[in-house]
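Asks: With the input below, show me the fold.
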Amino acid sequence: MYPSVTIVIPTLGDSDLKKTIQSINNNSIMPSEIIICIPEQFYFKVKNIKEDNVTILCTDTFGQVHQRIQGFKEAKTEYIIQLDDDVRLEKNSIKELLSAIISKGKKSSVGPHMIDLDTRQSVHKNKLNFLKKIYYLVINSPQGFLPGTITKAGTCIGIDAELSKKDLIETEWLSGGMVIHNKSNLILENYFPFKGKAYSEDLIHSHLMKEIGLELYICKRSICYIEAEKCF
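Replies: Residues are numbered from 1 along each chain as shown. So this is what the prediction gives:
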């Protein structure tokens, strides 16, 4: 039997949210609670969501990171998944993330294999050509193009899990679109105190997780879908 899990979703109540909730509750493992974190001014957009496991948490300010942290503080389960409001989950996504974090222990956080909704290929699929190789040598010398790293220029290179023989792939950073955490490791200080979309906050979050000694992994067997252009 798998332990209970809570899913925390910061949102402004956009139209994708209902499809995201539907994909969550169609999973082989349903979360005990889905906490929708939304600024009070936008409550009217979500007040008609009636699923039994959904809780609406009105926050006192805008800001993706701030909203998520408020949800983290309300979560009661040992395992907590942060999720963006436009992500669709494959049927076994939650089960595979739980299996992965349990196998790696409390000092870990794990993200899924992210697939483009349109192409059905990894959002990190990268066809290297000569110019791209030169580009990565310039910004990340001497490593150049190295999947799963944060470059010396402060940008990130994702992992195309389809190319890996491993089910769990260690990485320097995780996309904020979907990550499972142990409650004891949550970062509860607002490290991005700005309103609106928190661009590159996942790199800051990953750095803070590494600073407290966490190992970060991509789970190839846990699959979620997103529009690729929304990942970056």
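Asks: Just checking, which helix or strand of the chain averages the lowest pLDDT?
Replies: helix 130-140 (a mean of 79; mean pLDDT, DSSP states H and E).
Asks: starting at the chain centroid, how far to the helix or strand following that helix?
Replies: Counting by DSSP states H and E, the next helix or strand C-terminal to helix 130-140 is strand 149-150. Centre-to-centre, strand 149-150 and its host chain are 16 Å apart (C-alpha atoms, centre = their mean, to the nearest Å).
Asks: And for stretch 145-156?
Replies: Distance of stretch 145-156 from the chain centroid (C-alpha atoms, centre = their mean) equals 18 Å.
Asks: List the buried residues of it.
Replies: By neighbour count on 16 or more other C-beta atoms under 10 Å, the buried set for stretch 145-156 is 145, 147-151, 156. Quick note: C-beta positions are derived from backbone N, CA and C, even for glycine.
Asks: Isn't residue 128 up against residue 145?
Replies: Yes - contact criterion C-beta atoms under 8 Å: residue 128 and residue 145 qualify, at 6.1 Å.
Asks: I'd like the distance between residue 184 and residue 110.
Replies: With the distance defined as C-beta to C-beta, to the nearest Å, residue 184 ends up 15 Å from residue 110.
Asks: Revised request: answer the last question for residue 87.
Replies: 15 Å.
Asks: before we move on, which element is the nearest residue to residue 43 once chain neighbours are set aside in?
Replies: What sits nearest to residue 43 in space, not counting adjacent residues and going by C-beta to C-beta, 6 or more residues apart in numbering, is residue 58, at 5.5 Å. Here residue 58, judged by DSSP H and E, is contained in strand 54-59.
Asks: what packs against that strand?
Replies: When contacts are defined as 3 or more C-beta pairs under 8 Å, 6 or more residues apart in numbering; DSSP states H and E, strand 54-59 packs onto strand 33-39, helix 64-74.
Asks: State the pLDDT value of the residue sitting nearest the centre point of the chain.
Replies: When C-alpha atoms, centre = their mean is applied to the chain, the residue found nearest the centroid is residue 178 (2.1 Å). If you check residue 178, the pLDDT there is 98.
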